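# Pasting the sequence and the predicted coordinates here, then a few questions.
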Amino acid sequence: MAPNVATGEALAERLSAAGVRPSPNRVLVLEELAREANDATAQEIHRRLAKRDRSVGLATVYRALSAMSEAGVVDELPHGSNETCYRLCGTGHHHHLVCESCHRVIELPGCPARGWIERGAAEAGFVVTGHRLEARGLCADCRS
């Protein structure tokens with residue numbers, strides 16, 4: 001997937017629609033994340049903003065990403081390291097394939113697992129309020 005080419009205005013609207021105040025710093029952080037085709041850590045986003053002479057503190061980047069993640073604007077992708085990665089994904093329910101080597105992320109639209117999850121939950125007397133699926137492995141480029 002190519003990096004998202006959404007404008008600052010479109011990203012601000014996306015934040016507003018999710019109930020997140022589109023402060024200038026949040027929009028800058030989201031714009032930087034939108035330039036990434038796969039995912040990025042808060043520290044990577046902070047470094048990239050600094051290289052572009054954007055003065056946004058690291059704590060502000062973390063807070064912005066946290067607020068956007070809680071509102072469902074960005075996805076959090078843990079990769080087994082101590083650092084969480086973030087990705088601006090398409091809208092709608094989806095799952096991820098994540099390369100353990102290069103961190104390439106592929107979105108899988110839809111949810112073939114929904115029925116299986118709901119059946120298992122019903123058998124256990126459990127009410128599902130949401131789910132995330134992330135499959136890890138190696139992409140074709142890293143396997144070659």
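Arrived safely, thanks for sending.
# buried sites along the longest helix along the chain?
Determined from DSSP state H, the single longest helix within the chain is helix 58-70. In terms of neighbour count (16 or more other CB atoms under 10 Å), helix 58-70 has its buried residues at Thr60, Val61, Tyr62, Ala64, Leu65, Ala67, Met68. In short, each C-beta sits where N, CA and C put it, glycine included.
# Check those residues against Leu88 and report the nearest one.
Nearest to Leu88, judged by CB to CB, of these is Met68 at 8.6 Å.
# That closest one and Ser23 touch, don't they?
No. Met68 is beyond contact range of Ser23, at 11.2 Å (criterion: CB atoms under 8 Å).
# who touches both of those two?
With contacts defined as CB atoms under 8 Å, 6 or more residues apart in numbering, no residue is shared by Met68 and Ser23.
# Need the per-residue pLDDT for Gly80.
Note on Gly80: pLDDT of 63.
# re earlier: sheet partners, orientation included, of the helix or strand just after the longest helix of the chain?
On the C-terminal side of helix 58-70, the nearest following helix or strand under DSSP states H and E is strand 75-78. Sheet pairing of strand 75-78 (DSSP bridges) gives strand 84-87 (antiparallel).
# and the very next helix or strand once past the partner strand, average pLDDT?
On the C-terminal side of strand 84-87, the closest following helix or strand by DSSP H and E is strand 94-99. The pLDDT scores in strand 94-99 average 87.
# what stretches of this protein score poorly on pLDDT?
Along the chain, the parts satisfying pLDDT under 70 run over 1-5, 79-81.
# quick one: furthest residue from the center of it?
Glu123 (31.6 Å; CA atoms, centre = their mean).
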